[in-house]
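next comes the sequence, and after it the predicted model I'd like to discuss.
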Amino acid sequence: MSVSKSELDDIKQQHIDFQDLVLECNHDELGQCAKLLAMYVSIYKQQYGELPLDSLSLMADTPSINQELSKVIQEAIEEASTILRLVRGEQRQQQNSFYYSPSENSIN
């Protein structure tokens, strides 16, 4: 079953939003995000076995998007975005950025 133009537009917008998020991050945040995503994959592999990397390569090289691939892409971008937002939130909290700091009586 083919994917609708609307769904393709949603994927494109999701991708643009993720790219914007990546551009706002520093190397430490991106590195931490990569580590957490790798842990996520490792936990999956421990529970369910090896990931079928051959089929992943085939999906990545497929010129057309079907329903299954569309769902995988959307969920993958959402997972990466969620982890990156989590890392950025923790980094800001550690740096007291945009958080109330009682010792300084100010909001950074």
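Happy to help now that I have it. Numbers count the residues shown, from 1 in each chain.

how are the strands of the chain distributed by residue range?
100-101, 106-107 (DSSP state E).

give me the mean pLDDT for the first one.
In this model, strand 100-101 has a mean pLDDT of 42.

before we move on, what about stretch 18-29?
Here the average pLDDT along stretch 18-29 is 93.

got the end-to-end distance for that stretch?
14 Å (CA to CA, to the nearest Å).

what does it contact?
With CB atoms under 8 Å, 6 or more residues apart in numbering as the contact definition, stretch 18-29 has outside contacts at 30, 33, 77, 80-81, 84-85, 87-88, 91. Backbone N, C-alpha and C define where each C-beta goes, glycine included.

starting at the chain centroid, how far to it?
Put simply, stretch 18-29 sits 10 Å off its chain's centre (CA atoms, centre = their mean, to the nearest Å).

tell me where the model's unsure across the protein.
For the chain, the stretches with pLDDT under 70 are 1, 91-108.

if we go to 50?
97-102, 105-108 (pLDDT under 50).

most centrally placed residue in it?
Taking CA atoms, centre = their mean, the centroid of the chain lies closest to Ala80, which sits 0.9 Å from it.

from the chain's centroid, how far away is stretch 47-67?
Worked out by CA atoms, centre = their mean, stretch 47-67 lies 17 Å from the chain centre.

I meant to write stretch 14-34 there.
Using CA atoms, centre = their mean, the offset of stretch 14-34 from its chain centre is 8 Å.

quick one: buried residues of it?
Going by neighbour count (16 or more other CB atoms under 10 Å), the buried part of stretch 14-34 is 14, 18, 21, 25, 29, 32-33.

returning to what we had before: spatially, which two of the contacts of stretch 18-29 are the most separated?
Ile77 and Gln91 (20.9 Å; CB to CB).

which of the contacts of stretch 18-29 lies closest to Ser42?
Nearest to Ser42 among these, with distances taken as CB to CB, is Cys33, at 14.9 Å.

so what's that closest one up against?
25, 80, 83-84, 87.

make it 6 Å
Shown in contact with Cys33 (CB atoms under 6 Å, 6 or more residues apart in numbering): 83-84, 87.
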